[in-house]
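Undergrad: Next one to model:
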Amino acid sequence: MSDINLKSGSITFKNALYLESGRILEPFEIVYETYGKQNDDKDNTIVVCHALSGSHHAAGESKDNAKPGWWNNLIGSKKPIDTDRYFVICSNVIGSCFGSTGPTSPMYPRLELYRMRFPVVTVKDMVKAQRLLLDKLGISSVHAVIGGSMGGMQALHYAIDFPNFAKHIIAMATTYATSPWAISFNKVAVQSIVSDPSFMGGNYDVEAVREGGLSGASIGRMAGHISFLSPESMNKKFGRDYLATDGLFDLFGRFQVERYLDYNGGNFPKWFDPLAFLYIVKAINIYDLARGYDSLERALERVRSRIHLFGFKRDLLFLPEEMELIDQTMKKIGRGELSRFYMIDSDYGHDSFLVEIDKFSDKIADILER
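TA: Sure thing, here's the model as predicted:
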């Protein structure tokens, strides 16, 4: 859309990216979108980080993607992240399937796809690759980094790994280390995919899956959608309404909530590659902000940015208490002046950071004004 000055780009890096695992990625490509304009002082940049199934298309519409971006209500002209004032950039993480190098990318110098030969990447690796992109674009520091869920994990890694890079770190609906509860939901999704005979050990026909789906990935996504909501939001959204076209005593007759899961689960593998899902879920599962340090306290001692931690009251995937613990730890180590925790009163669940923008948008705008 012209009012946000949306531009798309991609950069291929020929130098090796050294990963936490000890493996390398060479070469690798990152795709991105920008919104707004960089000012003369180059101090109005905001980095937006996406969640598991998100992409670099965070706002607006383009000829390549007519669907509005996933945070379109937050980013734009006269919106909380005001593209009349800020230069916003969002890149697709490595390991994904929307243009940046991932498991369905060609493996140089051969033409066949990486598939399961792709190295395991971590959230730390994703941020490291993003910093190379930003450096290439001449961005050495930014006003803020913001993200929710896995995007919030990335934002926190910016605070730890690049402590002088951003004035503000805004992390929403995330955690300091993925809990066994969240890993368990992910296990159901992963097992559903790899147990599907059509997965073929990762050697499935990519185009065929895009057209016809993959039942294992559909079932796994259902588990994910349950974790994204809350009992209250499901009661409000669906209640016990039954499909008018299905008989109550038909064995496979469905409630509205079942149709919702069927629809979202069935479509998911048609637009999000199953292998990319496995790799990103792995990155989320092994995410631990304290890895490489003796403790969370030691990791947070590196923070120089102001960090703003948003927890959502009925988030059952990443509990708000996990966000609050980061704030408490910052106070414990004598850095409380740099940290603030916000509890957002919401019954929607984990996806509140995507759908209930009005409950925190004023706070985001106020933070960016500082």
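
Undergrad: ok, and the closest non-adjacent residue to His225?
TA: Asn264 (5.5 Å; C-beta to C-beta, 6 or more residues apart in numbering). Bear in mind the C-beta positions are built from the backbone N, C-alpha and C, glycine included.

Undergrad: May I have the secondary structure class of the one you found?
TA: helix (DSSP: H, G, I helix; E, B strand; the rest coil).

Undergrad: these two touch, right, it and Ile219?
TA: No. Contact between Asn264 and Ile219 fails when scored by C-beta atoms under 8 Å: they sit 11.5 Å apart.

Undergrad: Please say which of those two ends up with more neighbours.
TA: Neighbours per residue, other C-beta atoms under 10 Å: of Asn264 and Ile219, the larger number sits with Ile219, 20 against 15.

Undergrad: which strands and helices sit next to the helix or strand where that one lies?
TA: Here Ile219 is covered by helix 215-228, with elements defined by DSSP states H and E. On a contact count with 3 or more C-beta pairs under 8 Å, 6 or more residues apart in numbering; DSSP states H and E, helix 215-228 meets helix 180-194, helix 256-271, helix 274-285.

Undergrad: pLDDT below threshold where in the stretch 251-370 of the chain?
TA: Along the stretch 251-370 of the chain, the model assigns pLDDT under 70 to no residue.

Undergrad: Strands of this protein, start to end?
TA: For the chain, the strands identified by DSSP state E occupy 7-13, 17-18, 24-25, 28-35, 45-49, 75-76, 81-82, 87-91, 142-148, 166-172, 306-312, 339-344, in order along the chain.

Undergrad: packing partners for the last one?
TA: Pointing back at strand 339-344 there. Here strand 339-344 is seen to pack against strand 306-312, helix 320-332 when contacts are counted using 3+ C-beta pairs under 8 Å, 6+ apart.

Undergrad: That one: which residues count as buried?
TA: Buried positions in strand 339-344, judged by neighbour count with 16 or more other C-beta atoms under 10 Å: Ser339, Phe341, Tyr342, Ile344.

Undergrad: center of the protein, which residue is that?
TA: The residue lying closest to the centre of the chain (C-alpha atoms, centre = their mean) is Ala51, at 1.0 Å.

Undergrad: how is the protein carved up into domains?
TA: Here the domain assignment for the chain is 2-179+289-369, 182-283, based on automatic domain parsing.

Undergrad: deepest of these, which one?
TA: domain 2-179+289-369 (a mean of 19; mean count of other C-beta atoms under 10 Å).

Undergrad: How far away from the center of its chain is that domain?
TA: Taking C-alpha atoms, centre = their mean, to the nearest Å, the mean C-alpha location of domain 2-179+289-369 is offset from the chain mean by 7 Å.

Undergrad: quick revisit: which of the helices and strands packed on helix 215-228 sits closest to Thr101?
TA: Closest approach to Thr101 among the helices and strands packed on helix 215-228 is made by helix 274-285 (10.7 Å; C-beta to C-beta).

Undergrad: Just the pLDDT at Tyr161, thanks.
TA: Wrong residue type there; residue 161 is Asp, not Tyr. For Asp161, the pLDDT comes out at 98.

Undergrad: Next one: it from Arg304, what distance?
TA: As judged by C-beta to C-beta, to the nearest Å, Asp161 and Arg304 stand 12 Å apart.

Undergrad: one step back: doesn't Ile146 make contact with the residue nearest to the centre of the chain?
TA: No. Taking contact to mean C-beta under 8 Å, the distance of 11.9 Å between Ala51 and Ile146 leaves them out of contact.

Undergrad: Next up, the contacts around Val303.
TA: Ala159, Ile160, Pro163, Ile169, Met330, Arg335, Leu338, Ser339 (C-beta atoms under 8 Å, 6 or more residues apart in numbering).

Undergrad: now do 6 Å
TA: Ala159 (C-beta atoms under 6 Å, 6 or more residues apart in numbering).
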